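*Asks:* Just the structure for this:
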Amino acid sequence: ELDFGEEDVEFADRSQLKALVNQIEAKLSSLINSFQLGNALKQGVATVIMGKPNAGKSTLLNALLNDNRAIVSEIPGTTRDVIEDRVIIEGIEFRLIDTAGVRETQDVIEAEGVSRTLAAAQKAQLLIYLFDLTEESVADATAYVADLGLPEQTQFLIIGNKVDLIPPVEGVEMGSSMGINIGSASTSTGIGMSIGPMVTNHLNICAQSGEGLTELRQRMVDAVHMLSSVSPDQTLISNVRHLNALQQAYASLKEVQQGLESGLTGDLLTIDIRRVLHFIGEITGEITTDEVLGNIFGKFCIGK
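*Replies:* Down below sits the predicted model:
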């Protein structure tokens, strides 16, 4: 089309080009959306265990790790700082983060711990809010999490602990869900709030005895899969450089689509098409920048 432009000959089929561009856009969009999950799987899913003092957070951390990692005491406020360790569940690495209990306090050190807890919650990819069933209701726990103002993509689980201290209710199996839908920060909870797409239901456990932990582990895995809409067999993006290149390729592709819709001439369309190819080439290795070469030599010790 470009070679014979003077003769007004159009060899390129615009309808086929539009279909191809739309197909590539869908692929790029899927890859970009996969980054959150891909990066989480690469770095470990940041999983914050949060709740009021003496809710059993450190006991839960130890139970999930199968190790006495954190000091456990009946004295409220034992944990003053963030404690982090890692565990692999069904091939997924979780960075478990035990935090100080959240409450109003005049103790300067404990107040700093609470501040760090709230900061960690905002950065969490998965938040486990643990509450004492003898002290707090499901509705109160759900309302507290909703008021945290978590980022929309944050997944969370509301877990009732010390179920062994609650008298059994006829017709309700202990450790089962109690019908409160939770998810990430906008699903209706039935109590006048909007808190995100549903992940699972509230679960009762006993961190000390291990009751309900198998179900909790499964729900943690399910929550990770909710971080992205990609299918299990789909390619995942975990490299920030790849993400940036894909985003720029996607932006250029949108320019191509707009040009096709407005009837832009082929020579102008070519500019945006070449930009798409350039940014994809940065991933495939056809385009190599000095920055990429510097990273290769710096990180992989080539030539040393």
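
*Asks:* what are the ranges of the helices in the stretch 1-150 of the chain?
*Replies:* Along the stretch 1-150 of the chain, counting by DSSP state H, counting those that start in this stretch, helices occupy 14-33, 35-43, 57-65, 108-123, 138-147.

*Asks:* cool, and the stretch 201-304 of the chain?
*Replies:* 213-225, 240-262, 266-284, 290-300.

*Asks:* How about the longest one, which residues are buried there?
*Replies:* The reference is to helix 240-262. Judged by neighbour count (16 or more other CB atoms under 10 Å), helix 240-262 contains these buried residues: 242-243, 245-246, 248-250, 252-253, 255-256, 259-260. Using the backbone N, CA and C atoms, a C-beta is placed for each residue, glycine as well.

*Asks:* before we move on, what about the third one?
*Replies:* Residues G266, L269, D272, I273, R275, V276, F279, I280, E282, I283 are the ones in helix 266-284 that count as buried (16+ other CB under 10 Å).

*Asks:* Now do it, average pLDDT.
*Replies:* For helix 266-284, mean pLDDT rounds to 88.

*Asks:* What of the first one?
*Replies:* Computed over helix 213-225, the mean pLDDT rounds to 89.

*Asks:* counting contacts, what elements does it pack onto?
*Replies:* Packed against helix 213-225, as judged by 3 or more CB pairs under 8 Å, 6 or more residues apart in numbering; DSSP states H and E, are the following elements: helix 35-43, helix 57-65, strand 83-89, strand 92-98, strand 126-132, strand 155-161, strand 198-204.

*Asks:* Hey, what's the angle from that helix to helix 57-65? Just curious.
*Replies:* 90 degrees (axes from the mean of the first three to the mean of the last three CA atoms, to 10 degrees).

*Asks:* mind listing what the residue nearest to N161 when sequence neighbours are not counted touches?
*Replies:* The shortest distance from N161 to any non-neighbouring residue, by CB to CB, 6 or more residues apart in numbering, is to G56 (4.3 Å). Contact analysis of G56 by CB atoms under 8 Å, 6 or more residues apart in numbering lists L130, D132, N161, K162, A207, Q208.

*Asks:* Neighbours of the nearest residue to the last one once chain neighbours are set aside, how many?
*Replies:* Spelled out, that is Q208. With sequence-adjacent residues excluded and distances taken as CB to CB, 6+ apart, Q208 is closest to T59, at 5.6 Å. Neighbour count of T59, defined by other CB atoms under 10 Å: 21.

*Asks:* contacts for stretch 269-288?
*Replies:* So stretch 269-288 is contacted by 2, 24, 241-242, 245-246, 248-249, 252-253, 255-256, 259-260, 289, 292 (CB under 8 Å, 6+ apart).

*Asks:* do that again at 6 Å, thanks
*Replies:* H242, A245, Q248, A249, S252, L253, E255, V256, G259 (CB atoms under 6 Å, 6 or more residues apart in numbering).

*Asks:* Check what pLDDT D13 gets.
*Replies:* For D13, pLDDT reads 70.

*Asks:* Ok, the one 4 residues further on next?
*Replies:* Taken from the predicted model, the pLDDT recorded for L17 is 86.

*Asks:* pLDDT below threshold where in the stretch 51-200 of the chain?
*Replies:* Along the stretch 51-200 of the chain, the parts satisfying pLDDT under 70 run over 68-82, 103-111, 168-200.
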